[in-house]
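Peer 1: Turn this into a model:
(2 chains, ligands or ions: 1)
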Amino acid sequence: MDSEQVGLVAGLEIHQQLDTACKLFCGCPTRIRPVEEHNGEFYRYLRATVSELGTIDRAAEEEMKHIRRFRYLAYDSTCLVENDDEPPSPLNEEALEITLEIAKTFEMTPIEQVHVMRKLVIDGSNTSGFQRTGLVAVGGTLPNGGRVESICLEEEAAQRVEDACFSLDRLGIPLVEITTSPCLHTPEEVQETAAFIGMVLRSTGRVKRGIGTIRQDLNVSIRGGARVEIKGVQELDLIAEVVRREVRRQQELLAIREELLARGAAVDEQPVEVTRLFEKTGSSILKRAKVILGIRLRGFAGLVGREIQPGRRLGSEISDYAKRCGVGGIFHTDELPAYGVTADEVAALRAMLDAEEQDAVVLVAADRKKALCAVQQIVRRASLALEGVPEETRRMLEGGSSAYMRPLPGAARMYPETDILPVSISPERWGSISAPELLVDRARRYVAEYSLSAATADQLVHSSSLSLFDRAVAAGVQPGLAARTVLATLKELSRDGVALDGIGDDRIIAVLGAVQEGRAAKEAVPDLLRAVAGGAPVDDAVASFAPAVDADELEVLVDQIVQERIAFVEERRMGALGPLMGVVMAEVRGSVDGKRISELLRKAITKALG
Amino acid sequence: MTETFASGDRVACTIGDTELSGTYITDRDGMRVVKLDSGYNIGVDPSRVAFLERTSGGDQPAVEVDQDPALPELAIISTGGTIASRIDYRTGAVTSQFTAADILRAIPGLAEIARFRTQILATILSENMTPALWQQLARAVHDAIADGAAGVIVTHGTDTMSYSAAALAFMLQSPVPVIFVGSQRSADRPSSDNVMNGICAAATAVSELGEVAVVMHESPSDDRCAIHRATRVRKLHTSRRDAFRSVESAPIGYVEYPARTVTLEPDAVQRGTRPLILDDRLEPRCGLVQFYPGMDPVLFDAFSGYSGLVVAGTGLGHVSSACIERLGALVDAGTVVVMTSQCLYGRVCDRVYDTGRDLLTAGVIEGATMLPEVALVKLMCVLGRTRDRDEVQRLMQTDLAGEVLGRSPHGL
Ligand SMILES: [Zn+2]
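Peer 2: Have a look, this model is predicted:
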């Protein structure tokens, strides 16, 4: 694929959860809970409301085709604000401050008076039916010369547990939305830019980490195509592939359009009821259906089944549109006979709809209301195929393809949140905000200041325990020891099933401090942490792992061990040092520095060998 | 130099080195509020907003609402409140400016239940309600029923809805349902309770009920509304959908949603069992005051010259010994004083403790099981009808509209 030739234009929208103490508009903690811990539930319906300009947003209008009863799970860590049963509290100042830090890093200009808006979202993911969001700053720069258009502070939506059931623990967690201009021109550039923005966000040290805490939306179009927004790309490494697949999809749709125009294709307006044709069919879905409607797509044969992305056909697109009416899916003649439908049934169907060889027929089976709604959607999407690529919001599927979600929303979906007063960002406040040190700069500083290797420094700045490292070093722990603890010891212990969560950074630093002060050997660190994780106070652990072996005692002990194994020492000479190290270490239970034991052993062996 | 903009003007804002176009909305706190083309509103210093062009504001087309002639006819009388509110584009505040016909459009399912005629009595927030408006409302409801309405729906702000409902229950005997309804969460949000409350109110208004009632969410879920007797209902939460509860008695019925099935309890008054009678006389010079420990007795003097005063006392219906004397003086000067309890649940009984007996000696009337605000509204009605002290006492202690319970149910 030649990005320039196809005229690829792409932009990014990055959503990152902030690690604040409280949610954006209430005092609840920003903690994700296991679903089984919910302690309450309730049910709601949502309805599209007209905007202040008197229009209904097109994405919301489509959502209204199928009104659903949503179930919400509440927790002892959620409140009436999440339930949409209490007005929101004022905007969380901590979240605003982090947003401003990020804005400063991108050299943006803050909005003087931030107004919180309601963005209409009636898919159930917000109990209120809208997502609260405010534009905080505009006009930033990227290292590749591209632009950061805007940064918004938003509330996170509720987590979908399944279908129409949502969990309220996530609802209201502060989220920044960073939007770049459509300034990216290759799949790789999109991915690199996403990585850069992610690095900037993590540089604040105040963003959430882990799966689902950062999500990338991609805006992609090619020459002759249309702007398509692909939502919810969670893996950074997949971004380039998602872009490549979208480019291919748009190319294929344009090719299909050309073929359809060449064939003089057209879409019937009226469906034909074909329920009786399938009374004795082997397809259980069709046999069970109350009503089956067929719609003829003239000139579409072979194109409905044409692959436009791995695992996706034009038929999948049509099916996605139909599903908005609550139907399970569609059948089309490009894939029939199959699924229990016989060749005879297909022939009868074609005859009934006057479908010629070049025509395709799409079937939908449901109750009458849903089926009629679905036919409208099928006609709509099939007609769009004659125009090329529809503007859409899509969701990423596993592997990097995407499925239709809803039309691109317009400005009609935004109206003011009247329950929250605007927030002013004074020049003084903006002046008091400082941009965080970027992680890439910090890694360089670690190499220079702490003599760490570039690889170690890089690992450290990307580690979730970076702040532990900084604090340990600030407390006087030798950087090498701190780095090894953060990058290796803690990981190994947690792999062994040691519960480190409850220890807390303070106690880890106390253990490392004991090593630094010579009260414990660095070899004892894993055992010490294990003991502390098991509930032992740090000083007790240090005492139990550091039986008082003073310098003289140690020398005597080493001599004694060498004497007891003199035959072995004479046989192996200096080669006995290694094995004897283990014996001594076991004796002192790791409480003495290995280097020192090694020195003493070397001396004792030399002496014994005369 | 600052220009004068009109709402709807196309403008350009300069934020740093970014130029953004949008629509001017209003001035607020010294800033120009602009709706950007992205939909976001922002406040910008006037020096950074430039006029582009004036646009003609397109009027919203009026939408006709179809009415099915086969359905019973209901009257909707609108007094304001969040069931009929929308955002004022200019100020950004929620205002109650809908016509009653707008309600039909806002709640699409209504047209399947009945035909509607609508009347706007007031467009006020319910905290601005007055006894004079209760009277106007009672007359309007009476006239609608006399005119053949199969039921009446009164849309009302929730804050003082129970006062107005109680007032109508005392002023009006009705053969058909008179249903008060509102919404706790504003109608401009997709999650508003206005749709379900409105549908359930209409279902109740065509049901077999024959009294004044409040119909609101029964729980936080959009599953069921409770039908509350007008004189037993109270708003018990500032913001929850299910803020309205029947106090010391169960709701008189329920409406399932979205099925719209109405079930009435045996003690609900049935449609057609009472004649239509309006008695809208009212004595507005009545007060309500809550006693608290250490209350300065002098405060009661503020009510001297009033025709009636309801006191929300403590426990069984008490005030401090120091206050009793002042209440006695009020009674002696001709003010009717009725004792209720801030416990809300349970019966006032001033024959148990000394302070209670002293209150009775001072001429204070026990308010039985009446909620304080219901006793106030009732006292206004009773004093509108008679000034005979004994008759007032008899009426205040007699059940007129479900406010005085003959026996106390258990529990809370
Ligand atoms: Zn909360």
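Peer 1: Can you give me the neighbour number for residue 356?
Peer 2: I went with chain A, as the question did not name one. Using other Cβ atoms under 10 Å in any protein chain shown, residue A:356 has 11 other residues around it. Using the backbone N, CA and C atoms, a C-beta is placed for each residue, glycine as well.
Peer 1: if you could check chain B rather than the one you did, that'd help
Peer 2: Residue B:356 has 23 neighbours, counted by other Cβ under 10 Å.
Peer 1: I'd assumed residue B:319 was in contact with it.
Peer 2: No: counting by Cβ atoms under 8 Å, residue B:319 is not a contact partner of residue B:356; they are 9.8 Å apart.
Peer 1: max-length helix in the chain?
Peer 2: You didn't pick a chain, so chain A it is. For chain A, the longest helix by residue count, based on DSSP state H, is helix A:239-263.
Peer 1: that answer is for a different chain, and I need it for chain B
Peer 2: Max-length helix for chain B by DSSP H is helix B:131-146.
Peer 1: I'd like the C-alpha coordinates of that one written as CSV, please.
Peer 2: C-alpha atoms of helix B:131-146 as CSV (Å, rounded to 0.1, in the frame of the first residue of the first chain):
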residue,chain,number,x,y,z
PRO,B,131,-52.5,29.6,48.4
ALA,B,132,-54.2,31.9,45.8
LEU,B,133,-52.8,29.7,43.0
TRP,B,134,-54.1,26.6,44.8
GLN,B,135,-57.5,28.2,44.6
GLN,B,136,-57.1,29.0,40.9
LEU,B,137,-55.9,25.5,40.4
ALA,B,138,-58.9,24.0,42.2
ARG,B,139,-61.3,26.0,40.1
ALA,B,140,-59.5,25.1,36.9
VAL,B,141,-59.6,21.4,37.8
HIS,B,142,-63.2,21.6,38.8
ASP,B,143,-64.1,23.3,35.5
ALA,B,144,-62.3,20.7,33.5
ILE,B,145,-64.2,17.9,35.2
ALA,B,146,-67.5,19.7,34.9
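Peer 1: Which single residue of chain B ends up nearest the ion?
Peer 2: Of all residues in chain B, residue B:239 sits closest to the ion, at 12.8 Å by Cβ to the ion.
Peer 1: On the three-state scheme, that residue is what?
Peer 2: coil (DSSP: H, G, I helix; E, B strand; the rest coil).
Peer 1: Measure how buried it is and give me the count.
Peer 2: Neighbour tally, residue B:239, other Cβ under 10 Å: 15.
Peer 1: who are the neighbours in contact with it?
Peer 2: A:80, A:85-87, B:184-185 (Cβ atoms under 8 Å, 6 or more residues apart in numbering or on different chains).
Peer 1: List the residues that contact residue 20.
Peer 2: Because you didn't say which chain, this covers chain A. A:30, A:92, A:94-95, A:98, A:173-174, A:206.
Peer 1: please go with chain B instead
Peer 2: The neighbours of residue B:20, taking Cβ under 8 Å, 6+ apart as the test, are A:138, B:12-14, B:36-37.
Peer 1: What residues sit buried inside the longest helix of chain A?
Peer 2: In terms of neighbour count (16 or more other Cβ atoms under 10 Å in any protein chain shown), helix A:239-263 has its buried residues at A:239-254, A:256-257, A:259-260, A:263.
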